[in-house]
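Enquirer: Got a predicted structure plus its sequence, pasted below:
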Amino acid sequence: MSKSPNLNRREFVTLVSTVVGSVMTAIVGIPAIGYILSPSLRTKKTDAWIPLGKLENYPVNQPTLFTFTRSITTGWEKTVNSYGVFVVRKSDTEIEVLSNVCTHLSCRVNWNEEKQEYICPCHDGRFNIDGKVDSGPPPRPLDQYEYKIENGDLFIHLKES
Amino acid sequence: MLKKLFNWLDERLGLTSIYNVVLDRKVPKVNWFFTLGSASLFLFLMQGVTGILLTVYYVPTPDHAYDSIQYIMNGVTFGWLIRGIHHWGATLMVLVVFLHMLRTFYFGAYKYPREITWLTGVILLLSTLGMGFTGYLLPWNQRSYWATTVGTEIPGTVPFFGQFLTNVLRGGSDLSALTLSRFFSVHIWFLPAVILGTIGIHLYLIIRIGISHIPDKDD
Ligand code: HEM
Ligand code: FES
């Protein structure tokens, strides 16, 4: 018997099963990708001026840690994020505000009075008083915050995206 | 090229013979009611896939269960779809498994030599109902809370050790965090493991014995 140009029963069933199966897989599979990825693609947007108190409270040439918290809602949970910045007053008007987040892998650095360095406890990264890398693995200086002084009050610009 | 790859795999894995034994079986002349078992299997797999996805965000503790589900519904892309399929699939699965049981009953398919197929079916039906019972509590809303209060109270009417049964189900004398976490555990680990294993035996027997034919006047 020569083969008819039309689909035979078996071919038809195979075709229908393949098409229906693919469609159903796609209906669940494609949304599943969005379902898993969507919270990861959401970026938090922070743009706020944080008050750090009177400038005159910060001693000259002495890095002083200022900590503050901000609460955010992630998923179903309200979490409190902590931030730490070092305020270094150079003179009456000139200051530097450095983030305490190590530029290597984000541990938090501490000011070591004796060595006059910021030292990272994780892999011994070291930064000088201006945040420049002295030694260790950190690839770049500590991040600096933009700041402003209004009526003697210090504010820093917290920006995250 | 593809053909060559397939032949290479086939020679080592025996794909063709698996196909012949599992799918190319001889089947008597049957009707649409005979698809209910496969429909049950499909629904079970669907519940498995969507259930695994739900555990990405669901949290089985009283302080977060409800909120995590709100988050799935409103915060996650297609969360409503995944939960919706799991929610309606659960009801549909109980219905379809039950109809499948009715069909094997009315067609006399439980008789020799298929008694064990029927018995494994009983385990499957009870486990499916257990899935529904344990899953119902997980959203931790008013309805699930009180439904489970009532549901766990029922075994309490058993003479002598009724209270004991209730306490075992609840993990204590009251509905609590312990109830929620043990229901969750039973829902995602114990029962699916039982169902999976039992489906294995069930299907093995169907392949081994073959499907019964529709009873005729002489049966
Ligand atoms: C998770 C639930 C279940 C699944 C996935 C399942 C799956 C299947 C499948 C795929 C078949 C092949 C024939 C057909 O589809 O009709 C079958 C046959 C059978 N099932 Fe189930 N089943 C389930 C529950 C049950 C229950 C609750 C019973 C009865 C208490 C049962 C008893 C039987 C019997 C006796 C047969 C043999 C039918 C015959 O040879 O004609 N099954 N099952
Ligand atoms: S994280 Fe600071 S040195 Fe590695």
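Expert: Okay, I see it. These numbers come from a predicted model, not from an experiment. Ligands and ions are numbered 1, 2, ... in the order given.
Enquirer: Tell me the pLDDT of B:K217.
Expert: With respect to pLDDT, B:K217 scores 85.
Enquirer: what's the answer for A:S2, then?
Expert: 64.
Enquirer: can I assume A:N112 is in contact with A:P121?
Expert: No. Judged on C-beta atoms under 8 Å, A:N112 makes no contact with A:P121 at a distance of 10.6 Å. For the C-beta atoms, the positions are set from N, CA and C on the backbone; glycine is no exception.
Enquirer: wait, what's in contact with residue 68?
Expert: I went with chain A, as the question did not name one. A:F68 is in contact with A:50, A:82-83, counting by C-beta atoms under 8 Å, 6 or more residues apart in numbering or on different chains.
Enquirer: actually chain B
Expert: Counting by C-beta under 8 Å, 6+ apart, B:S68 makes contact with A:75-76, B:57-59.
Enquirer: one more time with 7 Å, if that's ok
Expert: B:S68 sits next to A:76, B:57-59 when contact means C-beta atoms under 7 Å, 6 or more residues apart in numbering or on different chains.
Enquirer: Reformat these into a markdown table and put neighbour count next to each item.
Expert: Converted to a markdown table, these look like this (neighbours: other C-beta atoms under 10 Å in any protein chain shown):
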| residue | neighbour count |
| --- | --- |
| A:W76 | 19 |
| B:Y57 | 20 |
| B:Y58 | 20 |
| B:V59 | 20 |
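Enquirer: Out of those residues, the closest to ligand 1 would be?
Expert: Nearest to ligand 1 among these, counting by C-beta to the nearest ligand atom, is B:Y58 at 22.8 Å.
Enquirer: could you dump the contacts of B:S68 to JSON lines with pLDDT, secondary structure and distance to B:A39?
Expert: Compiled in JSON lines, those are given as follows (pLDDT from 0 to 100; DSSP: H, G, I helix; E, B strand; the rest coil; distance: C-beta to C-beta, whole Å):
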{"residue": "A:W76", "pLDDT": "89", "secondary structure": "coil", "distance to B:A39": "35"}
{"residue": "B:Y57", "pLDDT": "97", "secondary structure": "coil", "distance to B:A39": "29"}
{"residue": "B:Y58", "pLDDT": "98", "secondary structure": "coil", "distance to B:A39": "26"}
{"residue": "B:V59", "pLDDT": "97", "secondary structure": "coil", "distance to B:A39": "32"}
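Enquirer: near ligand 2, from those?
Expert: Counting by C-beta under 6 Å from any ligand atom, nothing from the contacts of B:S68 sits close to ligand 2.
Enquirer: Okay, B:S144 and chain A: tell me how far apart.
Expert: Distance of B:S144 to chain A, given as C-beta to the nearest C-beta, to the nearest Å: 17 Å.
Enquirer: excluding its backbone neighbours, what's nearest that residue?
Expert: Closest residue in space to B:S144, ignoring its immediate chain neighbours: B:L137 at 4.8 Å, by C-beta to C-beta, 6 or more residues apart in numbering or on different chains.
Enquirer: Which secondary structure element is home to A:L142?
Expert: Using DSSP states H and E, A:L142 falls within no helix or strand.
Enquirer: check contacts around it.
Expert: For A:L142, the contact set (C-beta under 7 Å, 6+ apart) comprises A:98-99, A:103, A:118, A:127, A:131.
Enquirer: Kindly report the same for A:W49.
Expert: A:155, A:157.
Enquirer: In its sheet, which strands sit next to the host helix or strand of it, and in what direction?
Expert: Assigned by DSSP H and E, A:W49 belongs to strand A:46-54. With DSSP bridges as the test, strand A:46-54 is paired with strand A:153-160 (antiparallel).
Enquirer: And the pLDDT for residue 82?
Expert: No chain in the question, so chain A it is. Here the pLDDT value assigned to A:S82 is 93.
Enquirer: meant chain B actually
Expert: With respect to pLDDT, B:I82 has a value of 98.
Enquirer: Show me what the one helix or strand it maps to is packed against.
Expert: Assigned by DSSP H and E, B:I82 belongs to helix B:79-106. Other helices and strands packing on helix B:79-106, by 3 or more C-beta pairs under 7 Å, 6 or more residues apart in numbering or on different chains; DSSP states H and E, are helix A:9-41, helix B:36-54, helix B:65-74, helix B:115-137.
Enquirer: how about these in JSON lines, adding distance to ligand 2?
Expert: Formatted as JSON lines, the helices and strands packed on helix B:79-106 follow (distance: least, C-beta to the nearest ligand atom, whole Å):
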{"stretch": "helix A:9-41", "distance to ligand 2": "23"}
{"stretch": "helix B:36-54", "distance to ligand 2": "35"}
{"stretch": "helix B:65-74", "distance to ligand 2": "32"}
{"stretch": "helix B:115-137", "distance to ligand 2": "44"}
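Enquirer: between those, which gets nearest to A:L158?
Expert: helix A:9-41 (22.3 Å; C-beta to C-beta).
Enquirer: List the buried residues for the closest one?
Expert: A:28, A:31-32, A:35-36 (16 or more other C-beta atoms under 10 Å in any protein chain shown).
Enquirer: List phi and psi for B:Y58.
Expert: Dihedral angles of B:Y58 (phi, psi; degrees, to the nearest 10) stand at phi -70, psi 140.
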